[in-house]
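In: Sharing a sequence plus its predicted fold:
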Amino acid sequence: MTTTSETLELVKTALSKSSDDIQKTVNQATGLVAFDLQAPSKNLYPVNTPIRNRMPRIGGGTGVATNWRVVQALLGSGFDAMGWVAEGQRTARMSLTTATKAANYVTFGEEDQVTFEAENAAVSFEDILATETMRVLQKCMLKEENQILGGNASLALGTVGTVTTSASGSGGTLGAATYSVICVALTQEGFKNSSVAGGVATSQTITGADGQTYVLNGGSSMKSAAASQIVTSGQTLFASVAPIVGAVAYAWFFGTVGNEVIQVITTINSMAFNTPLGGGGGSQNATAVTADKSQNSSLAYDGLITTAFKAQSFGSLVTTLATGTAGTGTVLTSTGKGTCTEIDALLLNMWSTYQVSPTVIYVNGQQLKDLTTRCLTGTSGAPLLQVQVKGDDATMNPYQLVAGGNLAFYFNPFAMGGGIKIPILIHPNLAPGTIVAYCEDLPMQYRSNNVPNTAAVKTRKDYYQLQWPLRTRAREFGVYCESVLAVYAPFAIGMITNIAAG
């Protein structure tokens, strides 16, 4: 029916009458309302990449790898610390210790697609192709952050050793039984990829958008042999293994023999369990772990944590705290003078061995809390309740109270020039129980080293976007990068691992 001007006039006349003459039944419940959609979409996900943001990037890479020569030491003639020469004579010749280093370029990337319908439906809301490309780029940056921190191409965890078990105590709710305990070690990547609910990350076959496949290892070791333990009602089951070089966490499977399922993941090499099995939602059976899947030798590069573990061959710059009591572990300790015993020891070791000092210390939130507790004790850190007076508002607001305190810097006296203040920064991905002390720039005594940075991301081709030819009614695109982390001075990375919370 065609709406004419006469019809509209009749409607207006009817609506102009009083409510006694006409019943109006249209309200918001009918749904005849506008939809107030705020544009564009709100991206409520964190893009936090602190190491990547600070790490130098060097372009110009060619070939399959970047290579460099290292002069590791100058060996003087005679006694190495003596240069005395007899009158009129010549001294002997010194020698050099040299090595060739190489790091292979690898590729990482992320892809997505936007259908024609999605692109057209988003008109006037957001440029969905542009915003989705941005999100793909951001995901690449997040993955690169994880790679720089904990990538593993060359350090195999192997097989976890003997599991030591015991049971004691009372008051728990773990049922009485003979339990079988199995342990799997996890790298930094393995810790991020694994969970009690999802299980230990072993390996995954990736089917690319091109239909081809490849396999990624998730960062887990081969499981240990099973160890049995009798537990009476109310007791706590304890288990521990020897610390494994390269591991920052451990997954624990237990149950009756043959039915060992994942129950807990710890960031120390021991565990204590006193609640009913499956309380954490674990369902993965230990039979899913069949081999060492800790490294990706042909696809990845070594990150800072892996490099630090491997650098133990240069000197003991990685401190692995003692196992301590199973399930409790060993915590950081206070010196009683405003510092931490273990960090002081690491700083002294880095100076004594290589004359370097960290320029940044990365910690998990748990370790920042623990460090604050250890360093700001009642005697060394008091008073922590501060009074702040506002000069401009002294009459209306004479004072404000600020409770608590936090460590922003750690003073290192073991450095040239009287010492330096080291920023303490939270890293969002670093496993609890691990502290990374990193010297980003070598000190003055190394300035003739011809190395612009301690480490750098060397790129053969930095981030680039690909728009694939149309093959369906969808626009396919990807973001890729071809690079490697070149660590010129592996001794400039120090680490403390196996730290218990508390």
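Out: All right, it came through fine.
In: Ala286 contacts Glu260, correct?
Out: Yes: Ala286 is in contact with Glu260 according to Cβ atoms under 8 Å; the separation is 4.2 Å. The C-beta positions use only the backbone N, C-alpha and C, and glycine is treated the same way.
In: Identify the contacts common to those two.
Out: Ile182, Ala226, Phe253 (Cβ atoms under 8 Å, 6 or more residues apart in numbering).
In: and the second one, how many neighbours?
Out: One way to gauge burial is a neighbour count; for Ala226, by other Cβ atoms under 10 Å, it gives 17.
In: Val181 is in contact with that one, correct?
Out: Yes: counting by Cβ under 8 Å, Ala226 touches Val181, with 6.7 Å between them.
In: Go ahead and flag the most central residue of the chain.
Out: In the chain, the centroid-proximal residue (Cα atoms, centre = their mean) is Asn429; its distance is 2.6 Å.
In: That one and Ala474, how far apart?
Out: 32 Å (Cβ to Cβ, to the nearest Å).
In: now Asn450
Out: Relative to Ala474, and taking Cβ to Cβ, Asn450 is found at 50 Å.
In: Settle it for me: which of those two has more neighbours?
Out: Ala474 (16 against 10).
In: wouldn't that one be in contact with Val114 here?
Out: Yes: using Cβ under 8 Å, Ala474 makes contact with Val114 at a distance of 6.5 Å.
In: circling back to that earlier point, overlap in contacts, Ala226 and Val181.
Out: Both Ala226 and Val181 are in contact with Val163, Glu260, where contact means Cβ under 8 Å, 6+ apart.
In: just to revisit the earlier point, need the contact list for the residue nearest to the centre of the chain.
Out: Going by Cβ under 8 Å, 6+ apart, the list of residues near Asn429 reads Glu145, Asn146, Leu149, Gly150, Gln188, Lys192.
In: do Ser180 as well
Out: Ser180 neighbours (Cβ under 8 Å, 6+ apart): Ala226, Ala227, Ser228, Phe254, Gly255, Thr256, Val257, Gly258, Asn259, Glu260.
In: Can you get me the centre-to-centre distance for stretch 471-489 and its chain?
Out: Taking Cα atoms, centre = their mean, to the nearest Å, one finds stretch 471-489 lying 20 Å from the centre of the chain it belongs to.
In: Need the shared contacts of Ala286 and Glu260 in a markdown table (columns: secondary structure, distance to Tyr446 and pLDDT).
Out: Formatted as a markdown table, these follow (DSSP: H, G, I helix; E, B strand; the rest coil; distance: Cβ to Cβ, whole Å; pLDDT from 0 to 100):
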| residue | secondary structure | distance to Tyr446 | pLDDT |
| --- | --- | --- | --- |
| Ile182 | strand | 46 | 97 |
| Ala226 | coil | 50 | 97 |
| Phe253 | strand | 47 | 96 |
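In: Redo those residues as CSV? Include distance to Gly211.
Out: Listed next are these as CSV, based on distance: Cβ to Cβ, whole Å:
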residue, distance to Gly211
Ile182, 37
Ala226, 41
Phe253, 35
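In: Looking at these, which is nearest Ser95?
Out: Ile182 (51.1 Å; Cβ to Cβ).
In: Report how many residues lie close to that closest one.
Out: Number of residues near Ile182 (other Cβ under 10 Å) recorded here: 24.
In: That one is in contact with Ala286, isn't it?
Out: Yes: under the criterion of Cβ under 8 Å, Ile182 makes contact with Ala286 at 4.6 Å.
In: Need the overlap of contacts for these two.
Out: Each of Lys223, Ala226, Phe253, Glu260 lies in contact with both Ile182 and Ala286 under the rule Cβ under 8 Å, 6+ apart.
In: Only the buried members of these: can you turn that into a ChimeraX selection?
Out: Those of these that count as buried under 16 or more other Cβ atoms under 10 Å are selected in ChimeraX with:
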select :223,226,253,260
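In: I'd like to know which of the shared contacts of Ile182 and Ala286 is nearest to Thr100.
Out: Using Cβ to Cβ, those come closest to Thr100 at Lys223, 37.5 Å.
In: Report the contact partners of the closest residue in space to that closest one that isn't next to it in sequence.
Out: Residue nearest to Lys223 in three dimensions, not counting chain neighbours: Val289, with 4.4 Å by Cβ to Cβ, 6 or more residues apart in numbering. Contacts of Val289 were listed using Cβ under 8 Å, 6+ apart, and they are Val184, Val200, Thr202, Ser220, Met222, Lys223.
In: Surely the first one is within a strand?
Out: Yes: residue assignment for Val184, taken from DSSP: H, G, I helix; E, B strand; the rest coil, places it within a strand.
In: And it, how close does it get to Gly190?
Out: 9 Å.
In: Residues that sit against both of those two, list them.
Out: Val200, Ser220.
In: Now, of the contacts of Ser180, which are buried?
Out: Buried subset of the contacts of Ser180 (neighbour count, 16+ other Cβ under 10 Å): Ala226, Ala227, Phe254, Gly255, Glu260.
In: which helices and strands does the helix or strand harbouring the third one pack with?
Out: Taking DSSP states H and E as the criterion, the element that holds Phe254 is strand 249-255. For strand 249-255, the packing partners by 3 or more Cβ pairs under 8 Å, 6 or more residues apart in numbering; DSSP states H and E come out as strand 177-186, strand 236-240, strand 261-266, strand 270-273.
In: Report the mean confidence score over the next helix or strand after the last one.
Out: Translated: strand 270-273. Scanning forward in sequence from strand 270-273 by DSSP H and E, the next helix or strand is helix 304-310. What helix 304-310 shows for mean pLDDT is 95.
In: what's helix 304-310 in contact with?
Out: 51, 148-155, 187-188, 245-246, 248, 302, 317-318, 434, 436, 438, 455, 485, 487, 490, 493-495.
In: do that again at 6 Å, thanks
Out: Applying Cβ atoms under 6 Å, 6 or more residues apart in numbering, the external contacts of helix 304-310 come out as Leu149, Gly150, Asn152, Leu155, Gln188, Val245, Gly246, Val318, Val487, Pro490, Ile493, Met495.
In: Would you mark the buried spots in stretch 121-132?
Out: Buried-residue list, stretch 121-132, by 16+ other Cβ under 10 Å: Ala122, Ile128, Leu129, Thr131, Glu132.
In: for stretch 267-286, same thing?
Out: Result for stretch 267-286 [16+ other Cβ under 10 Å]: buried residues 267-274, 277, 280, 282, 284-286.
In: Average the pLDDT values over that stretch and round to the nearest integer.
Out: Mean per-residue pLDDT for stretch 267-286: 85.
In: Now do the end-to-end distance for that stretch.
Out: Its first and final residues considered, stretch 267-286 spans 19 Å by Cα to Cα, to the nearest Å.
In: Now do it: distance to the chain's middle.
Out: On Cα atoms, centre = their mean, the centre of stretch 267-286 falls 22 Å from the chain's centre.
In: Show me the contact partners of it.
Out: 172-174, 182, 196-197, 199, 223, 236-241, 243, 249-250, 252-253, 255, 260-264, 323, 326-327, 329, 431-433, 498, 500.
In: For Ala209, give its distance to Phe411.
Out: Separation of Ala209 from Phe411 (Cβ to Cβ): 51 Å.
In: Break this protein into its domains for me.
Out: The record's domain parsing of the chain by automatic domain parsing lists 50-73+94-154+300-497, 164-288.
In: weakest of those domains in terms of mean pLDDT?
Out: Among those, domain 50-73+94-154+300-497 scores lowest, at a mean of 88.
In: If anything else comes up later, I'll come back, but that's it for now.
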